[in-house]
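Predicted model and sequence follow; I will ask about them next.
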Amino acid sequence: MAPSSTTSLRRAALLAALLPALLLPSVALADPTPRPGALHGEVSTLARGVTHERIILGDPGARSDWTLQVTLPSGQDGVADSPVSSAAIAAEATARLREAGLDARSEEVVADALEDSGGPLGERVRVGSYATEAEASRARGAVIEAGYPAAVWYEGWDGDAPAAEEGGGPVAVNVLTVDPARFRGEVDATFGADLERTETTSELAAGALAGVNGGFFVYGAQHGAPGDPAGTAAYDGEVLSESVGDRPALVLDGRRGRAAVERLTWSGRLSHGLRGLDLDGIDRVPGLIRNCGGTDDLPTSAPQHDVTCTDADELVAFTEEFGASTPEGEGLEVVLDAHGRVRDVLERRGTSLGRGERSVQATGAEVAPLRELAEGARRLRLTSELAESSGRRLPTTPSTQVISGGPNLVTDGSREVTAARDGMVLPANPGQFYGWVHQRNPRTIAGVDARGRLVLVTVDGRQTGSVGMSISEAADLALDLGLVDAVNLDGGGSTTMVVGDELVSTPSGGQERAVGDALVIRGR
């Protein structure tokens with residue numbers, strides 16, 4: 001689906017309004033071949049072929065009102081309440097709030113037309129307009145007394161219209177550019193000590209030229225092992241996390257910084273001769289599939305962002321990188337030494353793995369097939385690999401790095417925002433698209449420009465000093481920065497950029513969030 005004329009006009013209006021309002025003046029780039037694209041700010045050279053650029057879009061003095069955002073009933077069984085609902089439900093809530101003496105209003109919400117989603121989302125209900133957050137907070141109790149949950153909300157975070165039409169932002173953007181033709185160093189994806197622990201981007205990038213947060217990860221023990229990648233991941237050529245459907249990922253040759261955005265799928269197998277078993281996952285808690293997108297999962301095998309699907313019958317492989325021990329619980333675990341020899345068959349899951357050792361855990365109906373395969377087998381072969389959209393196996397070397405993302409933003413120089421395909425449109429939770437895609441949030445973007453440069457971008461958000469961007473605006477930003485392929489990485493409180501051990505972005509939570517992994521640029 002091509003962008004609608006409205007979207008195109010809005011993008012043109014946004015760019016035209018924001019370009020004259022750069023807070024920081026343009027300066028001559030230190031690199032002889034500057035990054036293509038319409039936006040430029042203050043640039044510093046970190047090393048040969050590596051630059052950091054700071055851009056402030058919009059009016060630095062722009063301010064919006066605070067309001068109270070009402071949570072509305074969905075009116076449907078099994079569908080979560082959210083800030084957007086039907087016109088009838090919004091009208092009823094507005095009337096009830098006005099009867100309680102509150103200044104309530106109903107507003108239609110229309111999202112940008114994306115490749116596979118967008119358009120009218122329903123109506124929301126707001127109460128009051130306040131000059132400060134404190135005033136809005138004091139008024140919140142009256143809305144709750146009238147029977148509706150409500151959140152204090154800054155209207156600059158709405159994604160309904162270009163920032164220029166809402167007072168001009170501001171939006172703080174940081175850009176790292178790595179030129180593989182000139183760079184002499186490495187770009188690594190790193191997760192720290194092990195997969196099931198989190199560290200801040202500053203910790204992961206300590207001593208490096210720069211770094212940004214990486215892909216989505218498990219957040220909360222009820223969803224699996226906190227820190228575990230929730231999507232495709234490979235580090236130094238080793239595949240350590242399976243894909244979420246065919247969500248896009250950033251694929252890097254870390255030796256030189258060459259990069260591409262690819263849709264990848266994962267497959268794993270445990271075999272003995274001609275006999276074998278297909279795996280459900282690698283290095284994650286069996287039965288818990290964060291962001292879904294696996295096989296025979298409930299409630300769906302399609303990608304579902306921020307949803308944890310379940311599967312009682314699974315085969316999951318583990319490497320020593322997972323953590324101090326593999327997940328404990330009922331089932332069966334077969335442990336292999338560094339040469340694939342069967343070291344142990346455990347009747348209960350949970351053990352420590354030595355250097356080079358791997359294991360496979362089985363739950364439910366998969367216990368018997370795993371036991372049968374392991375019986376009498378002196379050696380088992382365990383494979384874990386990624387495939388490109390063509391079906392061809394992704395070639396990997398010790399310098400290959402893969403970080404998961406979604407949704408896709410730009411393909412071959414054109415907008416291609418696939419929010420539905422990549423799991424950000426949830427029929428059971430209409431608030432997911434509204435809050436995650438449509439409204440403005442901190443964003444982290446990765447992509448490649450027309451000259452083959454790796455470009456890593458952070459957008460500060462959820463602050464009055466930087467309102468963030470909708471996913472549609474993030475796609476426009478990627479184009480305006482000259483990217484020909486781009487993907488959204490983990491954002492929100494995870495969005496972080498570090499340059500020379502200094503935090504140059506402003507985390508939305510007031511301090512850095514510990515994350516699952518990071519992309520780190522190291523010089524030689």
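Arrived safely.

how about stretch 302-310 as CSV, C-alpha atoms only?
Only the C-alpha atoms of stretch 302-310 are listed here, as CSV (Å, rounded to 0.1, in the frame of the first residue of the first chain):
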residue,chain,number,x,y,z
ALA,A,302,1.5,-15.0,14.7
PRO,A,303,3.7,-12.2,16.1
GLN,A,304,2.0,-10.4,19.0
HIS,A,305,4.0,-7.6,20.5
ASP,A,306,4.3,-7.4,24.3
VAL,A,307,2.2,-10.6,24.5
THR,A,308,3.5,-13.9,26.1
CYS,A,309,2.2,-16.9,24.3
THR,A,310,2.3,-20.4,25.9
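
can you list contacts of that stretch?
Identification of contacts with stretch 302-310 by Cβ atoms under 8 Å, 6 or more residues apart in numbering yields 216, 222-224, 244-245, 247, 287-294, 297-301, 406, 421-424, 426, 432, 436. For glycine as for every other residue, the C-beta is placed from the backbone atoms N, C-alpha and C.

mind running it again at 6 Å?
Here stretch 302-310 makes contact (Cβ atoms under 6 Å, 6 or more residues apart in numbering) with 223, 244-245, 247, 287-293, 297-298, 422-424.

Counting neighbours, which of those comes out on top?
For the contacts of stretch 302-310, the largest neighbour count, defined by other Cβ atoms under 10 Å, is 31 neighbours, found at V244.

Which strand or helix spans that one?
Using DSSP states H and E, V244 sits in no helix or strand.

Give the closest residue to it in space, chain neighbours not counted.
Of all residues not flanking V244 in the chain, G293 sits nearest, at 3.5 Å (Cβ to Cβ, 6 or more residues apart in numbering).

Pick the one among the contacts of stretch 302-310 closest to P180.
Nearest to P180 among the contacts of stretch 302-310 is R247, at 24.6 Å by Cβ to Cβ.

ok, now which ones touch that closest one?
With Cβ under 6 Å, 6+ apart, R247 has these contacts: G231, P303, G406, D422.

try G49
Contacts for G49 were tallied using Cβ under 6 Å, 6+ apart; they are D179, R182, F183.

The first one contacts R453, doesn't it?
Read that as D179. Yes. Using Cβ atoms under 6 Å, D179 is in contact with R453, at 5.1 Å.

of these two, who's got more company?
It is R453, of D179 and R453, that has more neighbours when counted by other Cβ under 10 Å, with 28 against 20.

OK, contacts around the more buried one?
Counting by Cβ under 6 Å, 6+ apart, R453 makes contact with T177, D179.

How is this protein partitioned into domains?
As assigned by automatic domain parsing, the chain contains the domains 5-61+169-263+389-523, 66-162, 266-384.

Quick one: mean pLDDT for the last one?
Per-residue confidence for domain 266-384 averages out to 97 on the pLDDT scale.

Kindly report the same for stretch 434-447.
Across stretch 434-447, the average pLDDT comes to 98.

what about it, how long is it end to end?
Taking Cα to Cα, to the nearest Å, stretch 434-447 runs 25 Å from one end to the other.

quick revisit: any idea which of the contacts of R247 is the one closest to L373?
Using Cβ to Cβ, G231 is the member of the contacts of R247 that lies nearest L373, at 28.2 Å.

For that closest one, what are phi and psi?
With angles defined as degrees, to the nearest 10, G231 sits at phi 150, psi -180.

pLDDT score assigned to it?
If you check G231, the pLDDT there is 97.

What residues does it make contact with?
If you count contacts by Cβ under 6 Å, 6+ apart, G231 has them with G215, F216, V244, R247, S404.

who's in contact with the second one?
Contact analysis of F216 by Cβ under 6 Å, 6+ apart lists A230, G231, S404, D490.

Top of those residues by number of neighbours, please.
Neighbour-wise, these (other Cβ under 10 Å) top out at G231, 31 neighbours.

where's that residue relative to R184, distance?
G231 sits 31 Å away from R184, going by Cβ to Cβ, to the nearest Å.

can you check S301 too?
Distance, S301 to R184, using Cβ to Cβ: 44 Å.

Kindly report the same for F433.
Here the criterion is Cβ to Cβ. By it, F433 lies 43 Å from R184.

do A518 as well
21 Å.

the more surrounded of these two?
Applying other Cβ under 10 Å to A518 and R184 shows that A518 carries more neighbours, namely 28 against 13.

Give me the phi and psi for the residue lying closest to Q432 once chain neighbours are set aside.
Sequence neighbours aside, L426 is the residue nearest to Q432 in space, at 4.5 Å (criterion: Cβ to Cβ, 6+ apart). L426 adopts backbone torsions of phi -120, psi 110, taken as degrees, to the nearest 10.

swap in V459?
Note on V459: backbone dihedrals following degrees, to the nearest 10 are phi -120, psi 120.

do you know how far it is from N291?
Per Cβ to Cβ, V459 is found 22 Å from N291.

ok, now I144?
To N291, I144 is 32 Å away according to Cβ to Cβ.

quick one: the helices in the stretch 301-450 of the chain?
Assignment of helices within the stretch 301-450 of the chain using DSSP state H, counting those that start in this stretch yields the ranges 367-374, 430-432.

okay, these, which one's buried deepest?
helix 430-432 (a mean of 22; mean count of other Cβ atoms under 10 Å).

For R124, list each beta-bridge partner.
Beta-bridge partners for R124, by DSSP bridges, are E107.

what's near enough to touch it?
Contacts for R124 were tallied using Cβ under 6 Å, 6+ apart; they are P83, V84, E107, V109.

What's opposite S44 in the beta bridge?
On the basis of DSSP bridges, S44 is bridged to H52.
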